[in-house]
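K.L.:
Predicted model and sequence follow; I will ask about them next.
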Number of protein chains: 2
Amino acid sequence: MSSEDASLIGFSKHDHEACVADALKAAETRCANEGLRFTPVRRKVLDLLLTEHRALGAYAILDMLRDAGFGSQPPVAYRALDFLVEHQFVHKIERLNAFVACAHPGKTHSPAFMICRLCDAVAEAQSVPSKGALGAAARAAGFQIEKTVVEAEGICPDCLDKVDA
Amino acid sequence: MSSEDASLIGFSKHDHEACVADALKAAETRCANEGLRFTPVRRKVLDLLLTEHRALGAYAILDMLRDAGFGSQPPVAYRALDFLVEHQFVHKIERLNAFVACAHPGKTHSPAFMICRLCDAVAEAQSVPSKGALGAAARAAGFQIEKTVVEAEGICPDCLDKVDA
DNA sequence: AACCTCTATGTGATTTTATAACATTGAGAG
DNA sequence: CTCTCAATGTTATAAAATCACATAGAGGTT
């Protein structure tokens, strides 16, 4: 990985075709290992999200599925997304009601996102639910955390440059 | 504050009528000080959220507004909520597409929520965006955080007790 | 008071997001 | 081969949010 990519598939460029192909291959392998069915619709949705490399709404995905010859009704997209989200190939960005391909697939993790309000770019980082203020509050209250939504909205480095200029 | 309330208006009981009255009074005062218009609809929506003391969807709020003699179209609720959220009298829970009265009003803050998936109770804690993994990732990436969404889903102490029993 | 202006409210229509319900298909187990 | 169950397709509807435009009302100016 070049130094340009240091921010983890976040706000930077990279060899995208290879990146997509690798990620699809990895998903395929993991599904085979875990007995999950990586069906054509599911694969296509993941492909779309990897290729677009940004957050897409379910209906934008649905349009692309229709163009690709799949069913054109909402459940087609939502069911594929449910599967991909459940197995963390894809994450839902609650703030945007949209979906992004996971940037760190292959293991269970707690994603944290940075969302640019100017260009809608989304970068994924990792959080550690048990740490920090929330972890402490949960421990103090006796609350048992199962999953976390951590999303920061702001301005990405690229847009900051443009604004400054 | 009694020890019973130690979890910060979270998962515990308290004198609710006084709590609501105090919060409304405080909002009124702050609006007066800051030149904000604490109109009847806005007041009513805050009152409802304080009284219910849980997350309510916009349409649940709208129903109550209708019953109270206010307009019955969605924008009535959404506009009041926009105002209350903008000034942090109320927070939006992205995970639930719902709204809760702020538990720590009066100053700018970054809320963090614990949401019980069994009883839908919501408790508010504080987060510090610049700290933790997300803050570090943002600094590393050159991302400028403006606001954060931090929501933990899991099981609240009350429901844990019931499950254990 | 009369007027102006700007914000807030009311209302109807529409868009966007998501789910329910049920029929059909197709892969893998036996 | 056929049984079964998961996945897909389709129709319909629900839930959440916004747009566009008309009306009303508060606060300031003359």
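P.N.:
Nice, thanks for sending it over.

K.L.:
Spatially nearest residue to residue A:84, not counting backbone neighbours?
P.N.:
residue A:90 (3.8 Å; CB to CB, 6 or more residues apart in numbering or on different chains). C-beta: built from backbone N, CA, C; applies to glycine.

K.L.:
now that neighbour: how far from residue B:52?
P.N.:
Going from residue A:90 to residue B:52 by CB to CB, to the nearest Å gives 34 Å.

K.L.:
And those two? Which one has more around it.
P.N.:
residue A:90 (25 against 15; other CB atoms under 10 Å in any protein chain shown).

K.L.:
What's opposite the more buried one in the beta bridge?
P.N.:
For residue A:90, the beta-bridge partners under DSSP bridges are residue A:101.

K.L.:
Pretty sure it sits against residue A:103.
P.N.:
No: taking contacts as CB atoms under 8 Å, residue A:90 lies outside contact range of residue A:103: 10.6 Å.

K.L.:
Residue A:162 sits in which helix or strand?
P.N.:
According to DSSP states H and E, residue A:162 maps onto helix A:157-164.

K.L.:
Tabulate the CA atom coordinates of that helix in CSV.
P.N.:
What follows is helix A:157-164, C-alpha atoms only, in CSV (Å, rounded to 0.1, in the frame of the first residue of the first chain):
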residue,chain,number,x,y,z
PRO,A,157,-9.4,16.6,3.9
ASP,A,158,-10.0,17.1,0.1
CYS,A,159,-12.9,19.5,0.7
LEU,A,160,-11.0,21.3,3.4
ASP,A,161,-8.3,22.0,0.8
LYS,A,162,-10.8,23.3,-1.6
VAL,A,163,-12.5,25.5,1.0
ASP,A,164,-9.1,26.9,2.1
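
K.L.:
tell me which residues in it are buried?
P.N.:
A:157, A:159-160 (16 or more other CB atoms under 10 Å in any protein chain shown).

K.L.:
How about stretch A:57-66?
P.N.:
Neighbour-count burial for stretch A:57-66, counted by 16+ other CB under 10 Å, picks out A:58, A:61-62, A:64-65.

K.L.:
Flag the shaky bits of chain A, pLDDT-wise.
P.N.:
Scanning chain A for pLDDT under 70 picks out A:1-10, A:12-13, A:165.

K.L.:
longest single helix anywhere in it?
P.N.:
When chain A is parsed with DSSP state H, its longest helix is helix A:16-34.

K.L.:
List the contacts of it.
P.N.:
A:9, A:36-38, A:43, A:46-47, A:50-51, A:53, A:87, A:89, A:101, A:105-106 (CB atoms under 8 Å, 6 or more residues apart in numbering or on different chains).
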